[in-house]
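1. Provided below for reference: sequence and predicted model.
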Amino acid sequence: MAFHVLITDPLSKEGIQVLEQQENLQYEFATDLSSDELLTKIETADALLVRSQTQVTRQLIESAGNLKIIGRAGVGVDNIDINAATERGIIVVNAPNGNTNSAAEHTMAMLMALSRKIPQAHYSLKNQQWDRKKYVGVELKNKTLGIIGLGRIGAEVAYRAKGQRMNVMAYDPFLTPEKADHLGIDYGTVKEVLNKADFITIHTPLLKETKHLLNEEAFRQMKPGVQIINCARGGIIDEEALYQAILEGKVAGAALDVLEEEPFHHHKLLNLPEVVATPHLGASTVEAQENVAVDVCQDVIWFLTGGVVQNP
Ligand code: MLT
């Protein structure tokens with residue numbers, strides 16, 4: 001009997017080609033399903049492949065009769081109920097490397113767009129306004145970029161920010177002052193990063209410990225005029241606290257690729273001129289989507305046919 005691989009979010013064709021080369025495997029693309037349709041489809045699947053859109057809930061996992069592996073084409077597994085999967089002996093794999101570069105590049109694009117007010121000026125010019133005074137920015141050179149979370153993406157951002165001649169100060173639970181020294185950056189506690197940074201960018205996963213890490217108290221500790229970038233996960237920033245901090249003038253600007261509720265259309269933060277935003281595009285490049293799709297499909301095949309995976 002052929003393995004049944006159910007794919008419920010868009011996946012790049014290079015990943016599909018990997019599946020097509022495997023004998024004894026049938027894949028089924030079924031995106032934009034209602035919850036009821038998904039509950040029916042999952043019954044016979046041996047593997048489920050998703051990006052961030054499909055919510056892999058306990059109910060979904062418990063409706064699966066044959067499911068052995070859930071593959072996430074991307075890094076974050078916060079849309080998957082890992083406990084429910086573990087209880088049923090279902091392995092969850094992700095693709096942690098393939099979109100690192102794209103996420104770091106998007107963070108830098110957001111940082112530069114924010115510091116030079118490029119989206120606002122672009123929008124104004126497209127609306128026939130020639131306004132040079134309103135869109136005066138600030139330089140990045142000699143400013144301090146505070147990085148919270150120095151994993152793969154945070155480290156790539158640090159490297160690029162140094163290329164912009166910024167001072168970089170980072171906090172990460174696994175970073176030591178010696179390691180920071182070796183990377184040519186400053187080591188700081190969260191408090192020190194909040195106190196000293198001109199720009200703060202977050203690169204942590206969304207966990208119990210990081211939920212609303214940037215809250216009212218955190219904004220109080222920041223420098224006046226600080227600017228915030230979040231290309232990691234919504235929910236790490238307390239959005240009401242950010243909104244108030246912008247209204248009070250404490251935060252001069254924010255660049256957000258993610259919000260707590262996605263998809264987002266009518267969020268009050270989006271009405272503020274100080275906020276620039278993209279619809280969760282950090283990993284949306286041709287290269288990243290090829291990489292993560294190939295990595296996760298390869299892992300699913302290895303597991304189904306041999307029981308070995310690269311990224312459990
Ligand atoms: C990820 O976790 O890999 C990124 O946020 C991209 C995505 O959700 O597809």
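-> Perfect, thanks for sending it. Numbering: from 1, shown residues only.

2. Close to the ligand: what parts of the stretch 151-300 of the chain are there?
-> Gly282, Ala283 (Cβ under 6 Å from any ligand atom). All C-beta spots, glycine's among them, are computed from the backbone N, C-alpha and C.

3. can you give me the helices in the stretch 151-300 of the chain?
-> Assigned by DSSP state H, counting those that start in this stretch, the helices in the stretch 151-300 of the chain fall at 152-163, 177-183, 190-196, 216-221, 239-247, 286-306.

4. Mean pLDDT added to those helices, as JSON lines?
-> Below are these laid out as JSON lines (pLDDT from 0 to 100):
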{"stretch": "helix 152-163", "mean pLDDT": "98"}
{"stretch": "helix 177-183", "mean pLDDT": "95"}
{"stretch": "helix 190-196", "mean pLDDT": "98"}
{"stretch": "helix 216-221", "mean pLDDT": "98"}
{"stretch": "helix 239-247", "mean pLDDT": "98"}
{"stretch": "helix 286-306", "mean pLDDT": "96"}
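
5. Present the ones you listed as TSV; the columns should include mean neighbour count.
-> TSV is the format used below for the helices of the stretch 151-300 of the chain (neighbours: other Cβ atoms under 10 Å):
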stretch	mean neighbour count
helix 152-163	20
helix 177-183	13
helix 190-196	17
helix 216-221	15
helix 239-247	18
helix 286-306	21
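
6. So the closest residue to Gln298 other than its chain neighbours: helix, strand or coil?
-> Closest residue to Gln298 apart from its sequence neighbours, by Cβ to Cβ, 6 or more residues apart in numbering: Val18 at 5.8 Å. Recorded secondary structure, Val18: helix (DSSP: H, G, I helix; E, B strand; the rest coil).

7. Tell me, how many residues neighbour the residue of the chain found nearest the ligand?
-> Proximity of the chain to the ligand (Cβ to the nearest ligand atom) peaks at Gly74, 2.5 Å away. By other Cβ atoms under 10 Å, 25 other residues sit near Gly74.

8. cool, and Asn79?
-> 17.

9. Now for it: which residues touch it?
-> Val50, Ser52, Gln53, Thr54, Gln55, Val56, Arg72 (Cβ atoms under 8 Å, 6 or more residues apart in numbering).

10. Tell me which of these fall in strands.
-> Counting by DSSP state E, these place Val50, Arg72 in strands.

11. So of the contacts of Asn79, which two are at opposite extremes in space?
-> Farthest apart among the contacts of Asn79 by Cβ to Cβ are Gln55 and Arg72. That separation is 12.1 Å.

12. Name the residue in the two with the higher neighbour count.
-> Neighbours per residue (other Cβ under 10 Å) separate Gln55 from Arg72, with Arg72 holding more: 26 against 15.

13. what about the residue nearest to that one when sequence neighbours are not counted, how many neighbours?
-> Distance criterion Cβ to Cβ, 6+ apart; nearest residue to Arg72, sequence neighbours excluded, is Asn94 at 4.3 Å. Look at Asn94: counted by other Cβ under 10 Å, it has 21 neighbours.

14. Likewise for the one 3 residues further on?
-> The local packing of Asn97 (other Cβ under 10 Å) involves 14 other residues.

15. what do you get for Ile80?
-> Ile80, neighbours per other Cβ under 10 Å, totals 24.

16. Repeat that for the one 3 residues further on.
-> Taking other Cβ under 10 Å as the criterion, the count of residues near Asn83 is 10.

17. and what of the one 10 residues further on?
-> Counted with other Cβ under 10 Å, the burial measure for Val93 works out to 24 neighbours.

18. Let me see the backbone angles for it.
-> Here is the backbone geometry of Val93 (degrees, to the nearest 10): phi -120, psi 150.

19. still on that earlier bit, is the residue of the chain closest to the ligand in contact with Ala95, as I believe?
-> Yes - with contact defined as Cβ atoms under 8 Å, Gly74 counts as touching Ala95 (6.1 Å).

20. List the residues that are in contact with both of those two.
-> Common neighbours of Gly74 and Ala95 (Cβ under 8 Å, 6+ apart) are Val292.

21. Using TSV, lay out the helices of the stretch 151-300 of the chain together with distance to Asp131.
-> As requested, the helices of the stretch 151-300 of the chain are exported to TSV (distance: least, Cβ to Cβ, whole Å):
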stretch	distance to Asp131
helix 152-163	29
helix 177-183	40
helix 190-196	33
helix 216-221	29
helix 239-247	21
helix 286-306	35
